[in-house]
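K.L.:
My questions are about this predicted structure, shown below with the sequence.
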Amino acid sequence: MWNSIATAPSDGDYNAVTTPNGRIHTPAAEKCFALSLILFEVVCLIFFALKFDMPSPKNNDADTVSTMNYYPMYMDVHVMIYIGFGFLMTFLRKYSMSAVSLNFVIAVLSLQWGIIAVTMAHQIGSNHFSTKLLDIPTMINGDFAAGAVLISFGAVLGKTTPTQLVWMTFLEIIFYAFNEYLVLEEFKVSDAGGSMVIHTFGAFFGLAVTTMLGVPTESEQNHNTSRYHSDVFAMIGTLFLWMYWPSFNAALVGSDGFQQERAVMNTVLSIAASCASAFAATKMMSHTKKFDMVHVQNATLAGGVAMGTSCNLAISPAAAITVGFVVGIASTFGFCYVTPKLEQAIRMSDTCGILNLHGMPGVVGGLAGAIVTFSASDDFYGDSLTDVFAARAYRSSSEQGWYQLLAIVSSAGIGAVSGLLVGFFLKSKLFRQQKLKYEDDEWFYVPEECHA
Amino acid sequence: MWNSIATAPSDGDYNAVTTPNGRIHTPAAEKCFALSLILFEVVCLIFFALKFDMPSPKNNDADTVSTMNYYPMYMDVHVMIYIGFGFLMTFLRKYSMSAVSLNFVIAVLSLQWGIIAVTMAHQIGSNHFSTKLLDIPTMINGDFAAGAVLISFGAVLGKTTPTQLVWMTFLEIIFYAFNEYLVLEEFKVSDAGGSMVIHTFGAFFGLAVTTMLGVPTESEQNHNTSRYHSDVFAMIGTLFLWMYWPSFNAALVGSDGFQQERAVMNTVLSIAASCASAFAATKMMSHTKKFDMVHVQNATLAGGVAMGTSCNLAISPAAAITVGFVVGIASTFGFCYVTPKLEQAIRMSDTCGILNLHGMPGVVGGLAGAIVTFSASDDFYGDSLTDVFAARAYRSSSEQGWYQLLAIVSSAGIGAVSGLLVGFFLKSKLFRQQKLKYEDDEWFYVPEECHA
Amino acid sequence: MWNSIATAPSDGDYNAVTTPNGRIHTPAAEKCFALSLILFEVVCLIFFALKFDMPSPKNNDADTVSTMNYYPMYMDVHVMIYIGFGFLMTFLRKYSMSAVSLNFVIAVLSLQWGIIAVTMAHQIGSNHFSTKLLDIPTMINGDFAAGAVLISFGAVLGKTTPTQLVWMTFLEIIFYAFNEYLVLEEFKVSDAGGSMVIHTFGAFFGLAVTTMLGVPTESEQNHNTSRYHSDVFAMIGTLFLWMYWPSFNAALVGSDGFQQERAVMNTVLSIAASCASAFAATKMMSHTKKFDMVHVQNATLAGGVAMGTSCNLAISPAAAITVGFVVGIASTFGFCYVTPKLEQAIRMSDTCGILNLHGMPGVVGGLAGAIVTFSASDDFYGDSLTDVFAARAYRSSSEQGWYQLLAIVSSAGIGAVSGLLVGFFLKSKLFRQQKLKYEDDEWFYVPEECHA
């Protein structure tokens, strides 16, 4: 039978409707989500009212120029955040609605709060408070913050209530902004595409949260699988992520000394190689010895993560391909062997396998960047050396290399510790816990399926 | 059983095939659609042959320059029209094929006829007839016209034959072009993203047409619901619309005085706020007290519509967020309470709820633009004042404000009246009426579903 | 029952799993695919290590400039290759996973090998060997090569093993690069969007291969049909191809003399007209006299192919619309009548109907280009004449026209002959042949469907 309540407009008296499922929602739960969300938005509104302004001829001091040339890259990053991450997570057979919808609202909150938090972190750090004129690079920073949160979301996919996600977003971004400031401004590290700041941080944060939340029971895991069309939907996400990854890595890279062009081309080559090697690896390693869509959807992208630090540095096409090739295989290996072991060994249930797609390749990317930094011959960069590494004005290449390594430690460490704290908070009695795992039903009105 | 007729290439004698369903098509119906479409295309061809030419060094008078810098924005708008609107309308469980396909052909016809009609309206208005050199902004005007028609299509989705849609497209664009010329050239009103010219006009036109067509019977409404994967498909449309709305609002805005940059950023903030508030509102207001995909798919976008007039004006980030926040809630309220009431009260059946996504937010957007115009301090705009409002060279800000209000009345009024006329025409005996409501079957070959 | 093996992480001992289906894979088959792929990638790696370098201030000779201005067009072409072709081929009801995944890996291999092969062909041809600095136009050439291979893939869709596809890709691109060099450098022919070099070559190659592979039996054809949602998925591909076709045709066109702007606008008009005429034609010609999604998905795009040669030449808007209108009808006619006849007559089974979407419109496009070349008045191009046709510095317009015609013959001839050779090779005992036609099962782990 069709549930004709949902959209039947002839039934005017909606408030009188009582569905059997409807009863599992206490009014408190409804209010908590809506109140949390409105509170979040109001906090953002207050900050925007007090601290941000739009550029105009009125406030056009000498160095304000239009940043519309960043706009195409910004839109590409947008597509990755909303379509890429959103659809990549639709693979679960009964959680596609939640995946794409909650991805949407988390990204929207992260975008706003990320702009605020990153801007404030830099203003607090430099002890220089002033009204900030919004520009496109600042908006891109908001999307980058969203990237970190959505990576963490992948680890807990299907295990949390939307209310928990709202609070996780709010708290994670504060720690994200702290680490981002530390790495980029205090350590003066180069991390163009965020192998460390975004991927490593987001992955370690998410893995810590999901470990705190625990492993669902075997029966609760029933729906932790895909179905045919949810797997095809997920490919929309995979392909848009794959295509626009070069834009992500190159979005905020300056154009001096061919930096941005290198960032694009190294990322294309690396992510192409990881796609090829992931296909070879899934055929050899998957337990059915067939292509496994989990690997096709995820491991193919590892080469983009692994180029996040070194893409604009002195790295050759062959090196980029080699890095991509290796992480494509390593990521597939992780999905096949590491994630199941960790779930048994340390109770870390990682729904999307972000350890394999973001954690491991993020660390590899940070290491690759450090190695290139140690070994870089300065004349490769010519006059653009200090555009690439601001601190090389007073540091040697090996000093810079040690700072690059420190940034990996900082990102992983701050991510993991803050993730444990936030996970502890989300697990507390303050929050109702998700009852139906990996299912839309508890929070979404789901139309009955038609077999006619 | 599988219907192997459709694509089985071994069956060479296609003309001899008679399907049981096939009989409901009289040859007249087939010919009417094809003839209408060919006639439409021939009319376009004649106008293009007589009135338009391609730019080349030959006809390069002094002021002809390449407009390729508009191209990325044009492509973004393209994505909204074809993917955005197309997939947003696939939510109906048995009308997804029709939705995305008819959206496609309507947009294609609108694009061509819109270029012609808008160009001719301006040439007639200025009494200055000459061969027009095509350029990218003119092509964007074609897509904008398509936007208005597709909004109207949303109101009548599933209720009309394709033949009726072809004629609706042809006629609506004539009125659209008239109102667009009136508002932009005679009233000299600023409406960058078309809150009034596109959204208000398109919504009132579509609501008038659908009111003339009447409300389907209760049994005909059986398929006016979604299913799981049609709801996920619709999210493709929602997300692309959400992401590229800043491009839509900023596509034709000049770059003087940070106008285009403001248009982008105000739209991002407003549409982000409407997404957040729509999620809060659907949880509180939907009759199941769960997230309702209808709201997730639609009300989240209201902030983009509401920034259509004021995005490039003197509006602060906080004001943009406030407007978006309010219309997100108001739009959800409309889906829950207003649309059902109007269907009962005045027989207005609005399949996609365009009143809530385009009509109400469009009027709000027009009002917001007028308020900003009344209150604008001229020094905010600096030298760019007359780039923003051409008529402020000789008008005061309050005079300009009154013209802005007049444009709302004009767009709603011309839209509603012309919609009633066109609806009356489409309802007439000249057209066969759609028999199967909200179903592909009558016009599309639909493969049987597989349950094996 | 749900097959919980696939993603259930609690089952740690993956290697012990034996599925009934799993047995049809001999280890040899697994190794052949993985080894072929790894071998392919290693060959690419060697060439990249020996022949290519990244731009930097170090190797910045006088004429090296950043090519980032090509980047937006490159991304658009990327979308066509990965989303466009990928989803267009998901229409088969049990082969959607394979279609989008194999499209992905073939494109990735083609991208790398295409960059190498095209670069080497030009270096061999000019007998001038040097390290090549990578730039964005070179990357676009890689995507163009992928386009040709994916067209051929369309002809054999569902009939080959992934291993065969890897080898087909490797070999086809060598012939592609040879013909591309011959046509563009030796014949000095203008073919901006590749009507001849990409579409005609790719189509004739693919048709030759598929003819060698033969026609599946009637029972093997059981799954050579669509289902509801696979048809909707395919529309994602269609619409992205349709929208970004102007970028494909204009990507490498210079901006002198409004060439690029003309390329965009002529392609938009032509592909709009082919969409309109295909809708009229499918309603008249399809065997059910309803809209057939095969035509909606494919014939609508014919106008883009047919503008591939002439889009930047001296062609008027009305001529572009006329060409698009005619090929839209001709393509639909081909799907209805020509493809079934050819399958019976010469055993050519063409899964996606590439003859109708690429072969015929490609030849028409080449002819249109030749006609425009013959008849071109030089003053239309002004100073840009030799930017458009390099060889017009020493050739008359009719000499150039004859070379344009020769390029059609070359592309079709080299495509067909090399396709027969490669088809013969793929059919040989060296390769295991695909057992399950048009089904994912043989190579992909497919989750069981849920009917609960």
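P.N.:
All right, it came through fine.
K.L.:
Give the buried residues for the lowest-mean-pLDDT helix or strand in chain A.
P.N.:
Lowest by mean pLDDT, DSSP states H and E among the helices and strands of chain A is helix A:378-381, with a mean of 85. Within helix A:378-381, the residues that count as buried by 16 or more other CB atoms under 10 Å in any protein chain shown are A:Phe380, A:Tyr381. Where C-beta positions appear, they are placed from N, C-alpha and C, glycine not excepted.
K.L.:
What is the distance between that helix and the centre of its chain?
P.N.:
Averaging C-alpha positions (CA atoms, centre = their mean, to the nearest Å) puts helix A:378-381 32 Å from its chain's average.
K.L.:
Any chance you could list what contacts the helix or strand following that helix?
P.N.:
The helix or strand immediately downstream of helix A:378-381 is helix A:385-388, counting by DSSP states H and E. With contacts defined as CB atoms under 8 Å, 6 or more residues apart in numbering or on different chains, helix A:385-388 is touched by A:Ser190, A:Gly254, A:Asp256, A:Gly257, A:Gln259, A:Asn312, A:Leu313, A:Asp378, A:Tyr381, A:Arg392, A:Ala393.
K.L.:
Helix, strand, or coil at whatever residue of the stretch 1-150 of chain A ends up closest to chain C?
P.N.:
Taking CB to the nearest CB as the measure, the stretch 1-150 of chain A has A:Pro72 as its residue closest to chain C, at 5.1 Å. Following DSSP: H, G, I helix; E, B strand; the rest coil, the label given to A:Pro72 is helix.
K.L.:
before we move on, what about A:Leu252?
P.N.:
With three-state DSSP as the criterion, A:Leu252 reads coil.
K.L.:
With A:Ile371 instead?
P.N.:
Quick answer, by three-state DSSP: A:Ile371 is helix.
K.L.:
and it, how far is that from A:Gly415?
P.N.:
As judged by CB to CB, to the nearest Å, A:Ile371 and A:Gly415 stand 22 Å apart.
K.L.:
do the same with A:Val105
P.N.:
Taking CB to CB, one finds A:Val105 at 23 Å from A:Gly415.
K.L.:
Please apply the same query to A:Phe52.
P.N.:
27 Å.
K.L.:
Comparing these two, which residue is more hemmed in?
P.N.:
Using other CB atoms under 10 Å in any protein chain shown as the criterion, A:Phe52 and A:Gly415 rank with A:Gly415 on top: 31 against 21.
K.L.:
What strand or helix carries that one?
P.N.:
Going by DSSP H and E, A:Gly415 is in helix A:397-426.
K.L.:
Give me the contacts around stretch A:137-147.
P.N.:
For stretch A:137-147, using CB under 8 Å, 6+ apart, the contacting residues are A:67, A:70, A:73-74, A:77-78, A:80-81, A:85, A:106-107, A:110-115, A:117-119, A:132, A:173, A:176-177, A:180, A:194, A:197-198, A:202, A:248, A:251-252, B:265, B:268.
K.L.:
Quick check: strands, which of these are part of them?
P.N.:
A:Lys132 (DSSP state E).
K.L.:
In contact with the residue in the stretch 251-400 of chain A positioned nearest to chain B, which residues?
P.N.:
For the stretch 251-400 of chain A, the residue closest to chain B is A:Ala251, as judged by CB to the nearest CB, at 14.7 Å. By CB under 8 Å, 6+ apart, A:Ala251 lies in contact with A:Tyr70, A:Met73, A:Tyr74, A:Asp76, A:Val77, A:Ile140.
K.L.:
coming back round to it: ok, now which ones touch the residue of the stretch 1-150 of chain A closest to chain C?
P.N.:
For A:Pro72, the contacting residues are A:Ser247, B:Pro72, C:Tyr71, C:Pro72, by CB under 8 Å, 6+ apart.
K.L.:
From the chain's centre, how far out is stretch A:228-236? Work that out for me.
P.N.:
With CA atoms, centre = their mean, you get 20 Å for stretch A:228-236.
K.L.:
Same check on stretch A:148-167?
P.N.:
11 Å.
K.L.:
Say whether chain C is contacted by it.
P.N.:
No: on the criterion CB under 8 Å from any CB of the partner chain, stretch A:148-167 is out of touch with chain C, staying 11.8 Å away.
K.L.:
near chain C at all, stretch A:284-292?
P.N.:
Yes: under the criterion of CB under 8 Å from any CB, chain C is reached by stretch A:284-292 at A:Met284, A:Ser286, A:His287, A:Thr288, A:Lys289, A:Lys290, A:Phe291, A:Asp292.
K.L.:
just checking, which of these belong to helices?
P.N.:
Counting by DSSP state H, these place A:Met284 in helices.
K.L.:
Among the residues of stretch A:284-292 next to chain C, which one lies nearest to C:Leu35?
P.N.:
Set against C:Leu35, the nearest of the residues of stretch A:284-292 next to chain C by CB to CB is A:Met284 (9.6 Å).
K.L.:
Could you report the neighbour count for that closest one?
P.N.:
Around A:Met284 there are 18 residues (other CB under 10 Å).
K.L.:
Which residue, other than its chain neighbours, is closest to it?
P.N.:
C:Ala34 (5.0 Å; CB to CB, 6 or more residues apart in numbering or on different chains).
K.L.:
returning to what we had before: make CSV out of the contacts of A:Pro72 and add distance to B:Tyr95 and pLDDT.
P.N.:
Output for the contacts of A:Pro72, formatted as CSV (distance: CB to CB, whole Å; pLDDT from 0 to 100):
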residue, distance to B:Tyr95, pLDDT
A:Ser247, 35, 97
B:Pro72, 33, 96
C:Tyr71, 39, 96
C:Pro72, 35, 96
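K.L.:
quick one, what contacts the closest residue in space to A:Ile346 that isn't next to it in sequence?
P.N.:
Closest residue in space to A:Ile346, ignoring its immediate chain neighbours: A:Thr211 at 6.6 Å, by CB to CB, 6+ apart. Counting by CB under 8 Å, 6+ apart, A:Thr211 makes contact with A:Ile346, A:Arg347, A:Met348, A:Leu420, A:Gly423.
K.L.:
What of A:Ser36?
P.N.:
A:Ser36 neighbours (CB under 8 Å, 6+ apart): A:Thr163, A:Val166, A:Trp167.
K.L.:
What count of nearby residues applies to A:Leu35?
P.N.:
In terms of burial, A:Leu35 registers 14 neighbours under the definition other CB under 10 Å.
K.L.:
Tell me which two in the contacts of A:Pro72 are the farthest apart.
P.N.:
It's A:Ser247 and B:Pro72 that sit farthest apart of the contacts of A:Pro72, by CB to CB, at 12.3 Å.
K.L.:
Please compute how far stretch A:199-216 lies from its chain's middle.
P.N.:
Put simply, stretch A:199-216 sits 13 Å off its chain's centre (CA atoms, centre = their mean).
K.L.:
Give the buried residues for that stretch.
P.N.:
For stretch A:199-216, by 16+ other CB under 10 Å, it's A:199-213, A:215-216.
K.L.:
are any of the residues of stretch A:284-292 next to chain C buried, and which?
P.N.:
Using 16+ other CB under 10 Å as the threshold, A:Met284, A:Ser286, A:His287, A:Thr288, A:Lys289, A:Lys290, A:Phe291, A:Asp292 are the buried ones among those.
K.L.:
shouldn't the last one be in contact with A:Ala281?
P.N.:
So the one you mean is A:Asp292. No: the pair A:Asp292 / A:Ala281 is not scored as a contact, 10.0 Å apart, by CB atoms under 8 Å.
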